[in-house]
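[1] for reference, the sequence and a predicted model appear below.
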Amino acid sequence: MGSFRTRVVWIMILAAVILAFAAETRIDAFPFTTVFIKKPRRFYHRMNCVAVKSGRPTAISLANAKEQGYRPCPKCQPPTW
Ligand SMILES: [Zn+2]
């Protein structure tokens, strides 16, 4: 016998793989958060920040903003990752 135990082990492995995949997908989704920049300032903002409401802010991805050296705005505190 022992086949029941083998099946339980396989189900647990499968569950672990699915959970790992789900976690990875969620982490990968975060860099695509959209933030707003307004030149010549080197900060990125949330859409509703007072600093970008006037004028024409540019929407870029969070990953892109960080890559270009933009810092999170201290006023609206946009996501950092
Ligand atoms: Zn801001």
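    That came through, no problem. Residues are numbered from 1 along each chain as shown.
[2] I'd like to know how far Leu62 sits from the ion.
    To the ion, Leu62 is 13 Å away according to C-beta to the ion, to the nearest Å. For the C-beta atoms, the positions are set from N, CA and C on the backbone; glycine is no exception.
[3] would you enumerate the residues in contact with the closest residue to Asn48 other than its chain neighbours?
    Closest residue to Asn48 apart from its sequence neighbours, by C-beta to C-beta, 6 or more residues apart in numbering: Cys76 at 7.3 Å. Contact analysis of Cys76 by C-beta atoms under 8 Å, 6 or more residues apart in numbering lists 45-46, 48-51.
[4] among those, which ones are buried?
    Among the contacts of Cys76, those classed as buried by neighbour count (16 or more other C-beta atoms under 10 Å) are 45-46, 49, 51.
[5] who in this protein is up against the ion?
    45, 49, 51, 73, 75-76 (C-beta under 5 Å from the ion).
[6] can you put those residues in JSON lines and add pLDDT?
    Output for those, formatted as JSON lines (pLDDT from 0 to 100):
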{"residue": "His45", "pLDDT": "94"}
{"residue": "Cys49", "pLDDT": "92"}
{"residue": "Ala51", "pLDDT": "87"}
{"residue": "Cys73", "pLDDT": "95"}
{"residue": "Lys75", "pLDDT": "93"}
{"residue": "Cys76", "pLDDT": "93"}
